[in-house]
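Engineer: coords please:
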Amino acid sequence: MIDADPAGKTYTVVPIQSFTQMSRKFGGDATGAGLQGDGWCHANGMPMYNDFTDSGRCKLYVIAQDGWEDIEAPDPKYVTTAYDDYGMSLIAIAVDIESGTLVD
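Structural biologist: Numbering: from 1, shown residues only. You can find the predicted model right below:
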């Protein structure tokens, strides 16, 4: 658990072992973001996941704000930015396994 947010929010870092795990736990069906099946957080679903992990160089993690399930997803047609309470409650990061650095 990470407790570094000045607003007092806490986060859990979840290592992602497979696209299926990520999609089931954080996918559109779970978040209510209106994305069905493979869709996840407005990303490109499985192709995005494969781009980061197929080479074996990167590991994907989700930084999940505790209680993210209780934050109501905004209506996508009215959202102008992902940097709201909902958008910042689930953050995916890719880490280069060899160097431990974040991948752009």
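Engineer: which helix or strand contains residue 63?
Structural biologist: Secondary structure assigned from DSSP states H and E places residue 63 in strand 58-65.
Engineer: my bad, residue 51
Structural biologist: helix 45-53.
Engineer: and the angle from that helix to strand 58-65?
Structural biologist: 120 degrees (axes from the mean of the first three to the mean of the last three Cα atoms, to 10 degrees).
Engineer: in the strand holding residue 63, which residues are buried?
Structural biologist: 58, 59, 60, 61, 62, 64, 65 (16 or more other Cβ atoms under 10 Å). Just so you know, the C-beta spots here come from the backbone N, C-alpha and C atoms, and that holds for glycine as well.
Engineer: summarise which helices and strands that strand is packed against.
Structural biologist: strand 11-15, helix 19-26, helix 45-53, strand 90-96 (3 or more Cβ pairs under 8 Å, 6 or more residues apart in numbering; DSSP states H and E).
Engineer: ramachandran angles for residue 68?
Structural biologist: Backbone dihedrals for residue 68, given as degrees, to the nearest 10, come out at phi -60, psi -30.
Engineer: tell me how far it lies from residue 47.
Structural biologist: From residue 68 across to residue 47, the span is 24 Å (Cβ to Cβ, to the nearest Å).
Engineer: tell me which of the two has more neighbours.
Structural biologist: Shown here are residue 68 and residue 47; by other Cβ atoms under 10 Å, residue 68 has more neighbours (19 against 10).
Engineer: what stretches of the protein score poorly on pLDDT?
Structural biologist: 1-6, 28-45, 73-84 (pLDDT under 70).
Engineer: how about a cut-off of 80?
Structural biologist: 1-8, 23-24, 26-49, 51-52, 54-55, 71-88, 104 (pLDDT under 80).
Engineer: could I have the helix holding residue 51 exported to PDB, CA atoms only?
Structural biologist: Output of helix 45-53 as PDB, limited to C-alpha atoms (Å, rounded to 0.1, in the frame of the first residue of the first chain):
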ATOM      1  CA  GLY A  45      -7.300  -3.300 -24.700                       C
ATOM      2  CA  MET A  46      -5.300  -6.400 -25.500                       C
ATOM      3  CA  PRO A  47      -3.200  -4.800 -28.300                       C
ATOM      4  CA  MET A  48      -2.000  -2.200 -25.800                       C
ATOM      5  CA  TYR A  49      -1.200  -4.900 -23.200                       C
ATOM      6  CA  ASN A  50       0.600  -7.000 -25.700                       C
ATOM      7  CA  ASP A  51       2.600  -4.000 -27.000                       C
ATOM      8  CA  PHE A  52       4.100  -3.600 -23.500                       C
ATOM      9  CA  THR A  53       4.600  -7.200 -22.500                       C
END
